[in-house]
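Peer 1: got a predicted model here, sequence first, then my questions.
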Amino acid sequence: MTLTFTLSDVRAVTGVVMEVPGLRLEGERLQPYDLSAKAARAYEGAYRSNELDTTYTIVADNGGLRAKRQRGDDIVLTPIDKDRFIEADAGDLTVRFERARTGRVRGFELSVERAVGILFEKE
């Protein structure tokens, strides 16, 4: 396997190419997404997962979000796009918020390496 980083004219990393025999994967570097304080507040609230039998409380936190759990440490979420966040520390946890037709946040899907699409509904 080879891993090659692509660079801009000013030598900033812009992406990555991974090659294994018979397969080439390319990825672009994610650019920071500017989440305003007002936009962050729209995500705040309690979200329940019946599948995990737990509730996460989402709060706005320093340009991103923080998921407070009943058990375990808080999860700091960094915005990567509108309604999409990754775990700030490891990046292997992703959260994709879902909106109602009115635009109001109604829940989210949480995914990690071995569990994809765990649903949380806003209470």
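Peer 2: Structure received. Numbering: from 1, shown residues only.

Peer 1: ok, residues contacting stretch 116-123?
Peer 2: Outside stretch 116-123, the residues that touch it by Cβ atoms under 8 Å, 6 or more residues apart in numbering are 45-49, 51-52, 55-56, 105-111. For the C-beta atoms, the positions are set from N, CA and C on the backbone; glycine is no exception.

Peer 1: which one (most neighbours) among the residues you listed?
Peer 2: Neighbour count (other Cβ atoms under 10 Å) singles out residue 108 as the most crowded of the contacts of stretch 116-123, with 25 neighbours.

Peer 1: let me know the closest of the contacts of stretch 116-123 to residue 18.
Peer 2: Checking the contacts of stretch 116-123 against residue 18 with Cβ to Cβ, the nearest one is residue 111 at 20.3 Å.

Peer 1: among the contacts of stretch 116-123, which lie within strands?
Peer 2: Secondary structure from DSSP state E places 45-49, 55-56, 105-111 of those in strands.

Peer 1: how does the chain divide into domains?
Peer 2: As assigned by automatic domain parsing, the chain contains the domains 1-30, 37-122.

Peer 1: now do the helices in this structure.
Peer 2: 37-41 (DSSP state H).

Peer 1: what ranges do the strands span in it?
Peer 2: Under DSSP E, the chain gives strands at 2-7, 13-20, 23-28, 45-49, 54-61, 64-69, 75-81, 84-87, 94-99, 105-112, 115-122.

Peer 1: would CSV of these with distance to residue 34 and mean pLDDT be doable?
Peer 2: Output for the strands of the chain, formatted as CSV (distance: least, Cβ to Cβ, whole Å; pLDDT from 0 to 100):
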stretch, distance to residue 34, mean pLDDT
strand 2-7, 24, 93
strand 13-20, 19, 93
strand 23-28, 18, 92
strand 45-49, 22, 98
strand 54-61, 14, 96
strand 64-69, 11, 95
strand 75-81, 8, 92
strand 84-87, 13, 93
strand 94-99, 17, 97
strand 105-112, 18, 97
strand 115-122, 24, 96
